[in-house]
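A.B. asks: test case, fold it:
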Amino acid sequence: MNKMSLSFLSRPENEVFARNAVAAFALPLNPTLSELSDVKTAVSEAVTNAIVHGYGETEGWIKVDCGIGDGTIHITVSDSGKGIEDLSQALTPFFTTLPQEEHSGMGFTIMQTFMSSFSVRSQKGEGTEVTMSKHFGARADEDAR
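C.D. replies: I've put the predicted structure just below:
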């Protein structure tokens, strides 16, 4: 399995960097444009959540770890921010802790929908870790059956 790891500050401009770096890393799996778009969107949502909800007005580190092999990309996005107080509530579609801002509360739902597998671990005051994977090509076709 090939692996890569990125660490960057929780600045909004780094979301684009993370999304594009993961997409470039996935290219050896020969994803379709649709599959690549799914991965980019899921990574974008995970990194944005870490920036906005994990750190808020403060700045901290976000880490993205990826592995590819057997037609699948595995991605973990983690932060050491605030953590999630009520994970089951946070996973509910349309729930947002920032209703006054332009956040739809659909980030986790989008990640779950666009990826083959998805999970979240979080500890209040210690941070959050989102783990997801996407199967490509023949592997994705097998999953659809």
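A.B. asks: what about the strands in the protein?
C.D. replies: Residue ranges of the strands in the chain, as given by DSSP state E, are 2-9, 61-69, 72-79, 117-123, 127-135.
A.B. asks: format those strands as JSON lines; extra columns: mean neighbour count.
C.D. replies: For every residue, glycine as well, the C-beta is placed using N, CA and C. Shown next, in JSON lines, are those (neighbours: other Cβ atoms under 10 Å):
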{"stretch": "strand 2-9", "mean neighbour count": "12"}
{"stretch": "strand 61-69", "mean neighbour count": "19"}
{"stretch": "strand 72-79", "mean neighbour count": "23"}
{"stretch": "strand 117-123", "mean neighbour count": "16"}
{"stretch": "strand 127-135", "mean neighbour count": "22"}
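A.B. asks: make CSV from those and add mean pLDDT and distance to residue 24 to it.
C.D. replies: Formatted as CSV, the strands of the chain follow (pLDDT from 0 to 100; distance: least, Cβ to Cβ, whole Å):
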stretch, mean pLDDT, distance to residue 24
strand 2-9, 98, 10
strand 61-69, 97, 10
strand 72-79, 98, 11
strand 117-123, 95, 22
strand 127-135, 97, 15
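A.B. asks: make a markdown table out of the ones you listed and add distance to residue 23.
C.D. replies: Output for the strands of the chain, formatted as a markdown table (distance: least, Cβ to Cβ, whole Å):
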| stretch | distance to residue 23 |
| --- | --- |
| strand 2-9 | 12 |
| strand 61-69 | 10 |
| strand 72-79 | 10 |
| strand 117-123 | 18 |
| strand 127-135 | 11 |
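A.B. asks: residue 18: which of these is closest?
C.D. replies: strand 61-69 (5.4 Å; Cβ to Cβ).
A.B. asks: partner strands of the closest one and their direction?
C.D. replies: Strand pairing for strand 61-69, determined by DSSP bridges: strand 2-9 (antiparallel), strand 72-79 (antiparallel).
A.B. asks: if we can go back for a sec, tell me which of the strands of the chain lies nearest to residue 51.
C.D. replies: Among the strands of the chain, strand 61-69 comes nearest to residue 51, with 7.2 Å by Cβ to Cβ.
A.B. asks: list the contacts for residue 40?
C.D. replies: 19-20, 22-23 (Cβ atoms under 8 Å, 6 or more residues apart in numbering).
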